[in-house]
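> Sequence first, then the predicted structure, then my questions.
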Amino acid sequence: MIDIHSHILPMVDDGCQSIDQALQMLDQAYRDGTDEIVLTPHLAYPYHFENPSVKKKGLFSDFQRIVKDAGIPVKLYPGCEFLFDSVESFYEHLDEITTCNDTRYLLMEFFFDADGKKMIEAVRCAVENDLIPVIAHPERYESIQVSDHLARDLVSSGALLQMNKGSVFGKYGMMARDTVMDLLEAHLISFAGSDGHHPIHRSARMYRDYQFVKELYGRDYSEAIFNDNAAKMLRNVDIRGTKE
Ligand SMILES: [Fe+2]
């Protein structure tokens, strides 16, 4: 499996707080069937998670070396999870954003009470800048939970959707669970991510979720979400319009 959303890069945000913890998470994920992971520390100015690309680049290569020395054969890629709060702030920080493996794909999140208008605005903004916006955990946003068309509108506007591990099991509440099931049913989800922060409370293990999706929605769709689409993303192939 390929995990496109994780907070394993240690000591840069609210994710792993030590190298040991980060190595433990990677080891767990690898044993669980994940062999490629995009490290996506928060780039969230309102929360003071200020991890500009230059800083992240250095930390990423240092950590990659540590992981190699520890003998954990997980392939790592650079990235970030950008919190979109306004068009002005997007343009102000555009140079600080690290896309997934330096491709056109940008992992984006919103405040949890963001309205649909803001989300569509964010997608348009990214598309205008030749980026492919990937919306992190759409099932967790209230505006998507209560709308029967917003998720589809976002996809029609050029976005792709990434569900979190655990959502199908109710980790983020029943509204998020029902929403992710609807999105899966409609084949609107393109990627899965662990959004892993901690080896015990929010681990990066996704196999249980892979199996669940496979049993309910079929092997092809589960493979697409947990592996194939991400593999194309990492090679900068635009999957919009062709995805499973
Ligand atoms: Fe995240």
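Arrived safely. Numbering: from 1, shown residues only.
> Would you mind listing the buried residues in stretch 175-190?
Within stretch 175-190, the residues scored as buried using 16 or more other C-beta atoms under 10 Å are 175-177, 179-181, 183-184, 188-190. C-beta: built from backbone N, CA, C; applies to glycine.
> which residues touch His42?
7, 12-14, 49, 51, 80-81, 83 (C-beta atoms under 8 Å, 6 or more residues apart in numbering).
> Could you export the residues you listed as JSON lines, including neighbour count?
Shown next, in JSON lines, are those (neighbours: other C-beta atoms under 10 Å):
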{"residue": "His7", "neighbour count": "25"}
{"residue": "Val12", "neighbour count": "22"}
{"residue": "Asp13", "neighbour count": "22"}
{"residue": "Asp14", "neighbour count": "14"}
{"residue": "Phe49", "neighbour count": "18"}
{"residue": "Asn51", "neighbour count": "19"}
{"residue": "Cys80", "neighbour count": "28"}
{"residue": "Glu81", "neighbour count": "29"}
{"residue": "Leu83", "neighbour count": "21"}
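> residues in the chain within reach of the ion, list them.
Residues of the chain lying near the ion by C-beta under 5 Å from the ion: 81, 195.
> all helices of the chain, in order?
19-31, 53-69, 87-93, 116-128, 142-145, 150-156, 174-185, 207-217, 219-223, 229-234 (DSSP state H).
> can I get those helices in JSON lines with mean pLDDT?
Below are those laid out as JSON lines (pLDDT from 0 to 100):
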{"stretch": "helix 19-31", "mean pLDDT": "98"}
{"stretch": "helix 53-69", "mean pLDDT": "90"}
{"stretch": "helix 87-93", "mean pLDDT": "94"}
{"stretch": "helix 116-128", "mean pLDDT": "97"}
{"stretch": "helix 142-145", "mean pLDDT": "98"}
{"stretch": "helix 150-156", "mean pLDDT": "98"}
{"stretch": "helix 174-185", "mean pLDDT": "98"}
{"stretch": "helix 207-217", "mean pLDDT": "98"}
{"stretch": "helix 219-223", "mean pLDDT": "98"}
{"stretch": "helix 229-234", "mean pLDDT": "98"}
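> what would these look like in TSV with distance to His42?
Shown next, in TSV, are these (distance: least, C-beta to C-beta, whole Å):
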stretch	distance to His42
helix 19-31	15
helix 53-69	11
helix 87-93	12
helix 116-128	16
helix 142-145	20
helix 150-156	21
helix 174-185	20
helix 207-217	22
helix 219-223	28
helix 229-234	20
